[in-house]
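# need a structure here:
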Amino acid sequence: MTKADVVKKVSEDTGIEKVTVEKAVEAFMETVKESLTKGDNVYLRGFGSFIVKKRASKVARNISKNTTVIVPEHFIPSFKPADTFVEQVKENVK
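Numbering: from 1, shown residues only. Modelled structure (predicted):
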């Protein structure tokens, strides 16, 4: 499902114009991105959490040059679904 599909479905279900729904979806995504960029997690009860994970520094290999490279510690965005959401998917997806 794409963002356009989400906008269309929400518009159909709520009766709100597509343009308005698209602005709301865009605003939601921007808010989540801004929060994660600041290091703040976003918690949506019953759906899941958008969180910032810390990755430790590690030694990796550049196989084309046969050298080792140190990858510094860094942060990545992640999504952790709520337990109820996980159960719904388990029960309904075949």
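# Quick check: buried residues in stretch 15-22?
Using 16 or more other CB atoms under 10 Å as the test for burial, stretch 15-22 gives 21-22. Quick note: C-beta positions are derived from backbone N, CA and C, even for glycine.
# could you give the mean pLDDT of that stretch?
The average pLDDT for stretch 15-22 rounds to 96.
# Going forward, the N-terminal residue is numbered 40.
Will do, 40 is the new start, and the previous item becomes stretch 54-61.
# how far is that stretch from where the chain is centred?
22 Å (CA atoms, centre = their mean, to the nearest Å).
# again with stretch 60-77
11 Å.
# Also stretch 92-106?
Using CA atoms, centre = their mean, the offset of stretch 92-106 from its chain centre is 25 Å.
# which residues of this structure fall in helices?
Ranges of helices in the chain, per DSSP state H, are 42-53, 57-77, 122-131.
# and this protein, what are its domains?
The chain breaks down into these domains under automatic domain parsing: 40-79, 80-133.
# Comparing these, which stretch has the densest surroundings?
Mean neighbours per residue, mean count of other CB atoms under 10 Å, is largest over the domains of the chain for domain 40-79, with a mean of 12.
# Endpoint to endpoint, it covers what distance?
27 Å (CA to CA, to the nearest Å).
# wait, what's in contact with the residue nearest to K47 when sequence neighbours are not counted?
Residue nearest to K47 in three dimensions, not counting chain neighbours: K57, with 6.8 Å by CB to CB, 6 or more residues apart in numbering. Residues counted as contacts of K57 (CB atoms under 8 Å, 6 or more residues apart in numbering) are 46-47, 50.
# And those residues, which is closest to F86?
V46 (17.9 Å; CB to CB).
# tell me the contacts of that closest one?
57, 60-61, 64.
# likewise F89?
Contacts of F89 by CB under 8 Å, 6+ apart are 71, 74-75, 80-81, 83, 116-118.
# who's the residue nearest the centre of the chain bridged to?
The residue lying closest to the centre of the chain (CA atoms, centre = their mean) is F118, at 4.9 Å. According to DSSP bridges, the residues that bridge with F118 are F89.
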